[in-house]
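A.B. asks: predicted model, plus sequence, below.
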Amino acid sequence: MVSQSPGNTPNMTQNAASGSFVERWFEITRRGSSMSREVRGGLVTFFAMAYILALNPLVIGTAVDSRGNLVSGAPKYTDAAKKVVDGAAVSHSIAMVAAATALIAGLMTILMGVLGRYPIGLATGLGLNAMIAYVIAPTTTWPRAMGMIAIEGIIITALVLTGFREAVFRAVPRELRVAISVGIGLFITFVGLVDAHVVTPASGTPVQLGLNGSLGTWPVLIFVIGLFVLLLLFIRKVRGSMLIAIIVATVLAMILQAIVHVPSLLPDGTTNPRGWALNVPSWPGLSAFTAPDLGLLGRVDIIGAFAGSDGRFSAASILTTVMLVFSLLLADFFDTVGTVVAVGAEGKLLNKEGEPPRLREILLVDSLAALAGGLGSTSSNTSYIESTAGVAEGARTGIASIVTGVLFLAAVFLSPLTNMVPSEAVAPVLIIVGFLMMQQVAQINWDALTEALPAFMTIVLMPFTYSITVGIGAGFITFVALKIFQNKAKDVRPLMWVVSILFVIYFAQGVITKLVAGA
């Protein structure tokens, strides 16, 4: 773990705002930062998160509900057999989701900066959006599906206001908190490798190196160049090394794309495995500015969320909604716990109890973001672990979040410019952040098996299941089980018992739902 970006020794005289309201509110000098570091950190966090502006519209904007309608309300297909896709309707739906995604992310991230005063960016949560698009929406309507997100946001906000969410955070043993940070380090490294197509699905094994065991594609070359540029700048302690590496890799990618024209699709219409992972790095020209359509805002049905696909209320439909909301709630709840701990540990912002400053405000903003995501029809918004990239670059205060949020708001109108940055240019930053977070593994006492084994389960299951929540849940359950085996159950805090039982229900919800449906 590092306390600051390499070579960025804070110069207290550099802070022109010293003694001003801004200085007192954000504690810039006290946290060992400066305005320039905050701006750089905010920029890096934005670029590390910007992929959601392209990915969420593809998830939410192209899926259909039980009536065959897109989130925009328009039918996806032009024929009854659902074989002919209405391309114009899909494109409009994608554009609407992109605008709403950027708007909600911008507003919530700025709120985190002003109220939470913490360097965390918020946007639509991956995994949660896929669950809404591919599991929940096909069984109901889009407004009702977003109503479930809004309900989850209301509940989790109430848990913050009552102090419950904060109490759960404090009930987590320190060893597990360290393990959460280390596990997220591995998770974010894996995300970076997957985003750059360095690690891909395989047929004979779960994953493989590149394409058929080879890294011989143009986009991967950009990743490799970007990684070594970053490593060179990083070990030489160059200020702004991560931002510089992103810019260099993006420029090289644009030049490469202009020369070789790597296609996104093959002649048969399928995705080109040798193409760019997400964004195609090309200059948008005059289309850089777009007028947003914010028609998705407020298109939500909270009461109807408890109805079945036929619009009727029944015990089965209500139970189904309760279980789905519970799943969303638990995933959102503990993803944020992991992210807050990891960001604070990376920036040395945690106190001796392992808690960040203004914990309640941070959790409150995150909870309100879940509600805002439902009301904005973008899916639940949550704190992003990619914020650790900005912290590694020097961010320590809410000013960095304000910078990130303003960029998201600009993206409402300038999304084509944002989409110039390919995943391959950002992935090297995630690799380095993973390295920095992995350094905390030395803080775990591996000889104390009761603490070490739950920590191990937490660390390995996060990347292997591609889920922060699963890793945390496995660690919690293992911790309680081992304490029981050693006749030390009295050492487990009451809230750890409650949360562990909830995780058991979470992991068994598929079986529980089938049993109830069978009854």
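C.D. replies: It's in.
A.B. asks: may I see the buried residues of the longest helix seen in the chain?
C.D. replies: Using DSSP state H to define each element, the chain has its longest helix at helix 315-346. Of the residues in helix 315-346, those with enough neighbours to count as buried (16 or more other C-beta atoms under 10 Å) are 317, 320-321, 323-346. Quick note: C-beta positions are derived from backbone N, CA and C, even for glycine.
A.B. asks: quick one: the helices in the stretch 251-400 of the chain, in order.
C.D. replies: 315-346, 359-375, 387-393, 398-418 (DSSP state H, counting those that start in this stretch).
A.B. asks: from the chain's centre, how far out does the lowest-mean-pLDDT helix or strand in the chain sit?
C.D. replies: Least confident helix or strand of the chain, by mean pLDDT, DSSP states H and E, is helix 509-518 with a mean of 72. The chain centre lies 30 Å from the centre of helix 509-518; the measure is C-alpha atoms, centre = their mean, to the nearest Å.
A.B. asks: what sits against the closest residue to residue 274 other than its chain neighbours?
C.D. replies: Nearest residue to residue 274, sequence neighbours excluded (C-beta to C-beta, 6 or more residues apart in numbering): residue 217, at 4.4 Å. Residue 217 makes contact with 197, 210, 211, 273, 274, according to C-beta atoms under 8 Å, 6 or more residues apart in numbering.
A.B. asks: got the contact list for the residue positioned nearest the centre of the chain?
C.D. replies: For the chain, residue 384 is the residue whose C-alpha lies nearest the centre (C-alpha atoms, centre = their mean; 3.9 Å). By C-beta under 8 Å, 6+ apart, the contact list for residue 384 reads 45, 48, 49, 120, 121, 122, 123, 339.
A.B. asks: of the residues you listed, which belong to strands?
C.D. replies: Among these, the ones falling in strands (DSSP state E) are 122, 123.
A.B. asks: ok, the residue lying closest to residue 311 once chain neighbours are set aside - contacts?
C.D. replies: Leaving aside its sequence neighbours, residue 311 sits nearest to residue 304 (C-beta to C-beta, 6+ apart; 7.3 Å). Neighbouring residues of residue 304 by C-beta under 8 Å, 6+ apart: 141, 143, 144, 147, 311.
A.B. asks: ok, back up a step: format the contacts of residue 217 as CSV; extra columns: pLDDT and neighbour count.
C.D. replies: Conversion of the contacts of residue 217 to CSV gives the following (pLDDT from 0 to 100; neighbours: other C-beta atoms under 10 Å):
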residue, pLDDT, neighbour count
197, 92, 23
210, 94, 18
211, 90, 14
273, 90, 12
274, 93, 16
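A.B. asks: and of those residues, the nearest to residue 367?
C.D. replies: Of all the contacts of residue 217, residue 197 has the smallest distance to residue 367: 34.9 Å, by C-beta to C-beta.
A.B. asks: contacting residues for the residue nearest to the closest one when sequence neighbours are not counted?
C.D. replies: Excluding the flanking residues, the one nearest residue 197 by C-beta to C-beta, 6+ apart is residue 277, at 5.2 Å. Residue 277 sits next to 195, 196, 197, 219, 422, 423, 424 when contact means C-beta under 8 Å, 6+ apart.
A.B. asks: quick one: low-confidence parts of the stretch 201-350 of the chain?
C.D. replies: Per-residue confidence of the stretch 201-350 of the chain (counting by pLDDT under 70) places the weak regions at 285-288, 309.
A.B. asks: if we use 50, what do you get?
C.D. replies: Judged against pLDDT under 50, the stretch 201-350 of the chain has no low-scoring part.
A.B. asks: tell me where it has strands.
C.D. replies: If you assign secondary structure with DSSP state E, counting those that start in this stretch, the strands in the stretch 201-350 of the chain sit at 207-209.
A.B. asks: how about low-confidence regions in the stretch 1-150 of the chain?
C.D. replies: Along the stretch 1-150 of the chain, the model assigns pLDDT under 50 to residues 1-18.
A.B. asks: can you show me the helices along it?
C.D. replies: Along the stretch 1-150 of the chain, counting by DSSP H, counting those that start in this stretch, helices occupy 21-26, 35-49, 52-60, 87-111, 128-131, 142-161.
A.B. asks: of those, which is nearest residue 268?
C.D. replies: When these are compared for distance to residue 268 using C-beta to C-beta, the nearest one is helix 87-111, at 17.5 Å.
A.B. asks: show me what counts as buried in the closest one.
C.D. replies: Under the neighbour-count criterion of 16+ other C-beta under 10 Å, helix 87-111 has 89-90, 92-111 buried.
A.B. asks: can you list the contacts of residue 277 in CSV and add distance to residue 298?
C.D. replies: As requested, the contacts of residue 277 are exported to CSV (distance: C-beta to C-beta, whole Å):
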residue, distance to residue 298
195, 33
196, 38
197, 38
219, 39
422, 34
423, 32
424, 37
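A.B. asks: highest neighbour count among those residues?
C.D. replies: Comparing the contacts of residue 277 on neighbour count, residue 424 comes out first with 32 neighbours (neighbours: other C-beta atoms under 10 Å).
A.B. asks: dump the residue contacts of the closest residue to that one other than its chain neighbours.
C.D. replies: Sequence neighbours aside, residue 223 is the residue nearest to residue 424 in space, at 4.2 Å (criterion: C-beta to C-beta, 6+ apart). Residues touching residue 223, when contacts are defined by C-beta under 8 Å, 6+ apart, comprise 196, 197, 198, 249, 424, 425, 427, 428.
A.B. asks: which residues does the fourth one contact?
C.D. replies: Yep, that's residue 249 we're talking about. For residue 249, the set of contacting residues under the criterion of C-beta under 8 Å, 6+ apart consists of 222, 223, 225, 226, 229, 422, 424, 425, 428.
A.B. asks: wait, residue 243 sits on residue 395?
C.D. replies: No - taking contacts as C-beta atoms under 8 Å, residue 243 lies outside contact range of residue 395: 11.3 Å.
A.B. asks: list residues touching both of the two?
C.D. replies: With contacts defined as C-beta under 8 Å, 6+ apart, the residues shared by residue 243 and residue 395 are 40, 44.
A.B. asks: ok, those two, which is more surrounded?
C.D. replies: Using other C-beta under 10 Å, the more surrounded residue of residue 243 and residue 395 is residue 395, with 36 against 22.
A.B. asks: on that earlier part again, would you mind giving the contacts of residue 384 as a markdown table with distance to residue 164 added?
C.D. replies: Written out in a markdown table, the entries for the contacts of residue 384 read as follows (distance: C-beta to C-beta, whole Å):
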| residue | distance to residue 164 |
| --- | --- |
| 45 | 29 |
| 48 | 31 |
| 49 | 28 |
| 120 | 21 |
| 121 | 25 |
| 122 | 21 |
| 123 | 25 |
| 339 | 19 |
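A.B. asks: counting by contacts, list what the least confident helix or strand of the chain packs against.
C.D. replies: With contacts defined as 3 or more C-beta pairs under 8 Å, 6 or more residues apart in numbering; DSSP states H and E, helix 509-518 has these neighbours: helix 315-346.
A.B. asks: quick one on the thing from earlier: and residue 254, which of the helices of the stretch 1-150 of the chain is closest to it?
C.D. replies: Comparing the helices of the stretch 1-150 of the chain by their distance to residue 254 (C-beta to C-beta), the top pick is helix 35-49, with 14.6 Å.
A.B. asks: buried set for that closest one?
C.D. replies: By neighbour count with 16+ other C-beta under 10 Å, helix 35-49 contains the buried residues 35, 37-49.
A.B. asks: what do you get for stretch 449-465?
C.D. replies: Buried residues in stretch 449-465, counted by 16+ other C-beta under 10 Å: 450-463.
A.B. asks: any idea of the mean pLDDT in it?
C.D. replies: pLDDT averaged over stretch 449-465 equals 94, rounded to a whole number.
A.B. asks: and what of stretch 169-184?
C.D. replies: 84.
A.B. asks: quick one: contacts of stretch 446-459?
C.D. replies: Against stretch 446-459 from outside (C-beta under 8 Å, 6+ apart): 173, 175-176, 178-180, 182-183, 186, 441, 444-445, 471-472, 474-476, 478-479, 482-483, 486, 488.
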